[in-house]
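**Q** The following comprises the amino acid sequence and a computationally predicted model.
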Amino acid sequence: MTHTSMQGRVLFIFLYSWIVITSFSCQNGTTATYSNCTSATDPVIPLAITQGDTLNLYLDSLTVMGITTPVDYHERENRLYVFDSYNKRLLEYPLNGAGKAVYPEAIHKISINKKISYFRYISPDSIVLYNYAGAELLYYSIDRDTLWKRLAFINKGRIRQAAPPYANATSPVLFIGNTIIGFGFLLGESDKENPASRTMCSVIHLPAGNIRYRIPYSKVYWQHNWGGSHLRTPYTTYNGQTGKILLSLPADHNIQSIDSNWQIKEIPAGTRRKICITSMGLSKDNEKVSDAEYSLQYFTNTPCYRNIIYDQYHDRYYRILELPPAEGRTDKQRLADKEASLIVFDKDFKYLGEAPLPRAIVLDNFFITTEGIYFLNAGNKDQNIAQYVQCKIEL
């Protein structure tokens, strides 16, 4: 047998084997995984995060402060506004002291029958509430006790699905000039979808109220199965000085910088640790993809990014990285929390370092002041107190 015919035979066997394996995998609902690994060659710069004064908010017998409780900090008044979603109340906490319990200075009853997942305090008389189920903004007058305007992010008659904003502290609704912008995601994965049409951003153009849908997922997401939920969640922040929106996606080591003309620029903003973010080894039509427990296990065991935070007081950025729990912290009965760290960049996204975050803090419930970032403490056992841990970054 000649060398050429040998090569042809090997090639034939390889192709035949690949077809058999691929067919078998498709029939069994599995697929080859893809690993998106870090490529930076510079070393990790270790930073320290110190815990400053703890903020203790007094809770009356009605108030429940949870992971998703909406809060809004205002620097001018040095005041934290909290929306009690269960009892439809707005609580005002003056942040004029630490250590001792801070009592609400005022409590306003909000007469609305919608479930509220996010809000913005506008003035002593006005707040804007967001209802995820209806993908709508509700403008409410506190003095008149009246809902006076509604704005929807989704056209009800649209044929192509659009993602309703998943508004919270990690992805706030942005009021920029004559536009209102929200980011969200649709659950699930599909081989039939056009990746360029699966957008995350809904934009309301005022005063007409016209709606546009923008910003598809980055190219990392155009192939492979990313689980359809946790690793599909967009995280955003806004830099008012540059007029740019920053978008962090869990499976992408880069972030997207979006300017006022909707031009997108990819910027390296990953950890310097050697990690790989690996896609799910199931085909997109496998029923297991929609299994909540299986999806959670995949997320827990997969490194990924989340919050992107702009610190206007220090003109720098923070990005949160989550790693799988350390060995020995998981058991068959309960999934352990992931290990979170904060990556710090300067205003031009020059890497400054990274540091582990304290355990048991709530990454979805936070606000930032001149003193540092305050995260809700999930480890607090006092039902009469909502405790925020102050994290200061030492450079």
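**A** Nice, I can see it.
**Q** what's the helix or strand for Gln297?
**A** Here Gln297 sits within helix 292-300, counting by DSSP states H and E.
**Q** Downstream of that helix, the next helix or strand is which one?
**A** Criterion used, DSSP H and E; the element after helix 292-300 is strand 304-311.
**Q** what is the mean pLDDT for that following strand?
**A** Here strand 304-311 scores 98 as its mean pLDDT.
**Q** Next SSE downstream of it?
**A** Per DSSP H and E, the first helix or strand lying C-terminal to strand 304-311 is strand 316-323.
**Q** Now do the same for that following strand: mean pLDDT, whole number.
**A** pLDDT averaged over strand 316-323 gives 98.
**Q** what sits up against whatever helix or strand comes next after that strand?
**A** Sequence-wise, the next helix or strand downstream of strand 316-323 (DSSP H and E) is strand 339-346. With contact meaning CB atoms under 8 Å, 6 or more residues apart in numbering, strand 339-346 is reached by 47, 49, 269-271, 315-326, 351-357, 361, 363, 391, 393, 395. (Each C-beta comes from the backbone N, C-alpha and C, glycine too.)
**Q** which helices and strands sit right next to the helix holding Gln297?
**A** Helices and strands touching helix 292-300, by 3 or more CB pairs under 8 Å, 6 or more residues apart in numbering; DSSP states H and E: there are none.
**Q** tell me how far that helix is from the chain's mean position?
**A** Its chain's C-alpha centre and that of helix 292-300 lie 17 Å apart, by CA atoms, centre = their mean, to the nearest Å.
**Q** And the contacts of that helix?
**A** Contacts for helix 292-300 (CB under 8 Å, 6+ apart): 227-231, 280, 288-289, 324-325, 330, 335-336, 338.
**Q** That one vs strand 316-323, what angle?
**A** 120 degrees (axes from the mean of the first three to the mean of the last three CA atoms, to 10 degrees).
**Q** Give me the buried stretch members for helix 292-300, please.
**A** 294-295, 298-300 (16 or more other CB atoms under 10 Å).
**Q** so who does Ser171 touch?
**A** Taking CB under 8 Å, 6+ apart as the test, what Ser171 contacts is 165, 182-184, 233-236.
**Q** All the helices of this structure, residue numbers only.
**A** 3-27, 292-300 (DSSP state H).
**Q** what about Thr50, how many neighbours?
**A** 11 (other CB atoms under 10 Å).
**Q** I'd say it and Val389 touch.
**A** No - using CB atoms under 8 Å as the test, Thr50 is too far from Val389 to be in contact (10.8 Å).
**Q** list the residues that contact both of those two?
**A** When contacts are counted by CB under 8 Å, 6+ apart, Thr50 and Val389 have no shared neighbour.
**Q** What separation do you get for the residue lying closest to Tyr166 once chain neighbours are set aside and Tyr317?
**A** Spatially, and ignoring its direct neighbours in sequence, Tyr166 is nearest to Gly184 (4.0 Å; CB to CB, 6 or more residues apart in numbering). Using CB to CB, to the nearest Å, Gly184 is found at 22 Å from Tyr317.
**Q** Please apply the same query to Gly177.
**A** 23 Å.
**Q** With neighbour numbers in mind, choose between those two.
**A** Taking neighbours as other CB under 10 Å, Gly177 and Tyr317 compare with Tyr317 leading, 24 against 9.
**Q** Low-confidence bits of the stretch 101-250 of the chain, can you list those?
**A** 157-160 (pLDDT under 70).
**Q** Please, where are all the strands along it?
**A** 101-102, 106-109, 118-121, 126-131, 136-141, 146-152, 174-176, 179-183, 199-205, 210-216, 235-239, 244-248 (DSSP state E, counting those that start in this stretch).
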